[in-house]
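Asker: build me a model:
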Amino acid sequence: QVQLVESGGGLVQPGGSLTLSCAASGSIFSVNDMGWYRQAPGKERELVALSRSGDSTRYADSVKGRFTISRDNAMNTLYLQMNSLKFEDTAAYYCNAVGYLTNSEVFDSWGQGTQVTVSS
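Answerer: Next up is the predicted model:
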């Protein structure tokens, strides 16, 4: 199976920056898509940013120009650089990865989440 471990969340003032990391480990043959999602209290989980295996990326309109997703394929690690943070960015952030295990089975795994709180 695949384990995803997120880190880098915390408390930051409006306008500040944070960088989230997500490390994937386990019986991984290849990772296709990796993405960041977030869920605020009382709201549904939403896509924040997606990194596809062909190096294409996709962002939620609300974070375009402020957040940057990147990945280290050799280390199966995903990053999210978050700049100009706003109150509305407060949420639990989750990492997701989809790919193939060494036994050729598909995996679709989620991390445990890391909290980002934007507050003055």
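Asker: can you tell me how far the most centrally placed residue in the chain is from Lys43?
Answerer: In the chain, the residue lying closest to the centroid (Cα atoms, centre = their mean) is Trp36, at 2.6 Å. As defined by Cβ to Cβ, to the nearest Å, Trp36 lies at a distance of 15 Å from Lys43. For the C-beta atoms, the positions are set from N, CA and C on the backbone; glycine is no exception.
Asker: again with Leu20
Answerer: Leu20 is 19 Å from Lys43, by Cβ to Cβ.
Asker: name the SS class of the residue of the chain most remote from its centre, please.
Answerer: Largest separation from the mean C-alpha position in the chain: Asn103, at 25.4 Å (Cα atoms, centre = their mean). Three-state assignment for Asn103 (DSSP: H, G, I helix; E, B strand; the rest coil): coil.
Asker: residues touching the nearest residue to it once chain neighbours are set aside, list them.
Answerer: Closest residue to Asn103 apart from its sequence neighbours, by Cβ to Cβ, 6 or more residues apart in numbering: Ser27 at 7.0 Å. Ser27 sits next to 1-2, 101-103 when contact means Cβ atoms under 8 Å, 6 or more residues apart in numbering.
Asker: distance to Thr90 and pLDDT added to these, as TSV?
Answerer: What follows is the contacts of Ser27, written out as TSV (distance: Cβ to Cβ, whole Å; pLDDT from 0 to 100):
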residue	distance to Thr90	pLDDT
Gln1	31	88
Val2	28	96
Leu101	35	95
Thr102	38	93
Asn103	39	92
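Asker: pick out the most distant pair among those.
Answerer: Spatially, the most separated pair among the contacts of Ser27 is Val2 and Asn103, at 12.0 Å (Cβ to Cβ).
Asker: give me the below-cutoff pLDDT ranges for this protein.
Answerer: For the chain, applying pLDDT under 70 flags no range at all.
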